[in-house]
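[1] only geometry, no sequence info:
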């Protein structure tokens, strides 16, 4: 009975819409939900490995990502010896697209570079160290359940919206909107299968605008070779 | 605190009692119907707003035309590209009937006001319930208020101070309402006050602000009322008003205007010379009037029919932005005047432009450029109306009724408001359902359309008032088959939306209802009257000749005391239920010999005389029938849904707690008697507990659902909306299996219909972006399960196992609350391919053979299993034996591809190791290692192409040839050709020889090298084994 009462009080504390919400409370709940948020927010680098999958799972390819600040590199193994890569040194970006049957790096266009940078910010758990003020903008139903909605308007004009599960406190979805050369672009990621990694809950499945990513391993604060992010040799 | 304590107690009670959950809309999860349209004929448009929006700050001169389209009952659509593509932006709101829209002149790129509730108040018009505003171009909406106002006719913003907003609240159509009048906000919509009010019968139909002097405001007040059997436009409440103090005080304008009772007044100010105002005044002698002194004096102008026609339905007029004498009046056709309204040219467009016009936009930068909204969609002209092109990508069609046939693929068919009758296949072999798949079968306003099951070349359709026609689909001959009254017999009364029904128990019987029930057994050629007058036969309610009020209007829309719904029992053809629009519910159990009026048996919760909108005899029990009643024509929007289980002697009202909108239709599932579907004016609702609880199916917007069918062979739910066309929810088997108790379970696996494997190729087509395309049903095998809550923490996966228990596929699961439907492409993983500069070479796995496969769902520590059944497509012309032969050949090639991949990987790793290690050794070992590496390198390029090239042929080697053969065998599911089999053997032989050669190299060339390395104390060159290769993660 006591457990039920406690559960009831917890439900009252976090449920919608009985308690007035603000961004600080929701972020605090998020920090508590994921665990060792302090450690997570001080990380300088990340390494992620897993698979990119087709929606029905019958096509999968190995995927790796390395992130350090605004520097990112992603690699997708199409076949043994054939690797598609995109990377940025934080300012400019390049890609190798073997399906064009060329392995010569090409500069990334603005939209592709933007998507890469958005991905980097998400990996580094932008919600813990938001680069813009978070605003509580109510609730919205995501996949059948109402979620808290936080919004951040960044200096570059992009608008980030975070959807958090009111019961578990975890991040469920992120949408990012921006205007690039007059085109309205949007990037989404739905997060799931959270598992504890070095004391924190991290999503092992990310259904993103870049594809369905099944994470197999996180490395937190790895030492990363600067060559990963370096501009291609001329 | 008291509230908190009560909530806690409630929580504890729920925790301990185990009460089953009531379904919420979230239960239906990601079940998503396909929106088939048609968009080719679109539907009624009620408002258009458009503006040029800067693209970005870097290109200040670049502009894009953004168009907002408001529809009769399909919400708001937005185009960001001048109409090439549209997207719905209002679907989540509670009402989809749009009365008016207005852009904020300060923020034309982002701020749009939308008033719900159409003001073209025809008999079938939908309802609204509020004023909405978006400040981000339609991404999000806020309801500002006006919940009690059924219709908003106009929104006008002060061009100089857009925080001053006027809202013309027309109000309720079918009843008195105290919520009518003209409202004003002076604080950007934060608050509104009513500034002009006449009475509960008179609404505000139009408002216009003088752009040069916004203190001057004109308002048209209109007294109107519709009943089920009549319409009345006009009365003492109607009048034209003017304010000179920004809307605070008002003066009725009468000078030079018609005396006597007025009807509706339509206003338009000349933007370039605002002292000139046009008013189309409905009166005993309706005419266009023009003032040149801001309404103080008026001159009578044209009274041509195409200027004055049907004011209740045609309420739009506009003046050219630059030329005050150029006037556009929208009625049946677009009437254009260049002389200040004295004369109008009426173009005849030869069928290019749908008649009946309601919304208009003139490009302020180029007045030759026009957009017009009609009963049949939006059209665009670049030559001021001489020619038009249609936006064929707005699926706003308005079905009244829908049915299906038994072709394979089956077709759906139905009639549309002012857009005739149409049919389309529910899927297209190898393709999607585009506009060209829709075939017109009838004309006029369309209603019932049914296909003859005995002679399927016959299709029956009708236009308004029961004008039934039989079309031969093979020859396209048509024949009128409407029953006629004999000499001396009473005139037959047919409803606007007359029921035509083929018996569900005996397909020989074709029924049509006037006030009598008529039956034909010769495909409509002759009719037998099998009932007396089944209506109340109240002569006061069936003389629509004088209907219309100030302007007489009789198009059969007000025909009353008629039969509206007919259905016989699937269990017994002699049991026939008939409902009438005046509240009679009639039953015969002997095929029409004797009839019982059950009106007196209906419970007191149902207002007497309520329109019977649907009778649905149960497919499970002959005495059971579900009936919906619709009392909205008396201002009562409540849903009335009843069930009898004793041939109508007693009735039970089904729950309406979660149902919004008056009810049009109820259907009982043909398999699970507890699965019910209800369509109302505001959406689709589903019950899984026999009607104790309903939950809205939100994947369809809150648009009127006029009809619902369940295809008994395919188990699809077919939904006819009166605003967004037809929807099909493929395979409702999971809904049939979901029980109320399941809602409390964390994970419940639900069954699906067997999946028929299809191998239909697509087509090449490059048709631009402006086509409306509805997908065919997914060819994937469905896996369906229910989750009580969102899965967020811990592992969840879905695996497919073959009959031997091997996992052959792992599918990313859906993790949402409610029902999750995911697809499996029925393929095993692709083969590993040989390392090569060329991508490709086998990027997909073979499709599995028909059979039963086990599905294992793991959610944390819970595991649930089910099976999916995959069936052979017997219509494909390929036998199952041929499929097996194909599968065997494909799997053989699959293994050969992997064999080659192993040989190449072994070869390449050995080569690379030899090259790198040779740098660390001395002669003669170095030379031996380099020689062997060179031999391996040469051999490698006999197996794979040396270069990658996108645009030129490479020199295909074994890898590429094998991949080509694999693809060729895979793309045709029948037996491989003799040539393919021969090639397979040849390639297998080459692979075998390559393997042998490599083994020989290892034994004869590498072994001495490794021996020497060993003697030198170095590690040997590793040789990849097959077991190691197979154990490695593929890619």
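    Thanks, I have it. Everything quoted here is computed from the prediction, not taken from an experiment. Numbers count the residues shown, from 1 in each chain, chains lettered A, B, ... in the order given.
[2] count of residues packed around residue 56?
    If you meant another chain, say so; for now it's chain A. Residue A:56 has 23 neighbours, counted by other C-beta atoms under 10 Å in any protein chain shown. (C-beta placed from N, C-alpha, C; glycine too.)
[3] not quite, I wanted chain B
    So residue B:56, with other C-beta under 10 Å, has 14 neighbours.
[4] Now do the same contact list for it.
    A:179, A:181-182, B:62 (C-beta atoms under 8 Å, 6 or more residues apart in numbering or on different chains).
[5] Let's see which of these end up in strands.
    Counted as lying in strands by DSSP state E, out of the contacts of residue B:56, are A:179, B:62.
[6] Can you list the buried residues in stretch A:189-199?
    Residues A:189-194, A:197 are the ones in stretch A:189-199 that count as buried (16 or more other C-beta atoms under 10 Å in any protein chain shown).
[7] overlap between these and the residues near chain B?
    By C-beta under 8 Å from any C-beta of the partner chain, the members of those lying near chain B are A:192-194.
[8] Which of those sits closest to residue B:412?
    Using C-beta to C-beta, residue A:192 comes nearest to residue B:412 of these, at 36.6 Å.
[9] neighbours of the nearest residue to the closest one once chain neighbours are set aside, just the number please.
    Spatial nearest neighbour of residue A:192, chain neighbours left out: residue A:205 (4.6 Å); criterion: C-beta to C-beta, 6 or more residues apart in numbering or on different chains. Number of residues near residue A:205 (other C-beta under 10 Å) recorded here: 23.
[10] For the host helix or strand of residue A:205, name the packing helices and strands.
    Assessed by DSSP states H and E, residue A:205 sits inside strand A:200-208. Applying 3 or more C-beta pairs under 8 Å, 6 or more residues apart in numbering or on different chains; DSSP states H and E, one finds that strand A:200-208 contacts helix A:23-34, helix A:37-41, strand A:183-197, strand A:211-220.
[11] how does it look with 10 Å?
    helix A:23-34, helix A:37-41, strand A:45-53, helix A:110-123, strand A:171-180, strand A:183-197, strand A:211-220, strand B:796-801 (3 or more C-beta pairs under 10 Å, 6 or more residues apart in numbering or on different chains; DSSP states H and E).
[12] Do you know the pLDDT at the nearest residue to residue B:59 once chain neighbours are set aside?
    Of all residues not flanking residue B:59 in the chain, residue A:182 sits nearest, at 6.4 Å (C-beta to C-beta, 6+ apart). Listed pLDDT for residue A:182 reads 82.
[13] Please report phi then psi for residue 181.
    I went with chain A, as the question did not name one. In terms of degrees, to the nearest 10, the main-chain angles of residue A:181 are phi 50, psi 40.
[14] My question was about chain B, not that one.
    phi 120, psi -180.
[15] on that earlier part again, which strand residues sit across from the residue nearest to residue A:192 in the sheet?
    Note on residue A:205: beta-bridge partners by DSSP bridges are residue A:192, residue A:214.
[16] And the buried residues of stretch A:189-199, which is closest to residue B:546?
    residue A:190 (60.9 Å).
[17] Contacts only, for residue B:931.
    Counting by C-beta atoms under 10 Å, 6 or more residues apart in numbering or on different chains, residue B:931 touches B:914, B:918, B:924, B:1005, B:1009.
[18] Need the three-state assignment for it.
    Of the three states, residue B:931 takes helix according to DSSP: H, G, I helix; E, B strand; the rest coil.
[19] looking at chain A, which helix or strand does the model trust least?
    Sorted by mean pLDDT, DSSP states H and E, the helices and strands of chain A end with helix A:2-14, the least confident at a mean of 40.
[20] In terms of residue numbering, what are the domains of chain B?
    Domains of chain B are assigned by automatic domain parsing as B:780-876, B:880-1031.
[21] Can you tell me which of those domains is most buried?
    Counting by mean count of other C-beta atoms under 10 Å in any protein chain shown, domain B:780-876 has the highest mean neighbour count of the domains of chain B, with a mean of 19.
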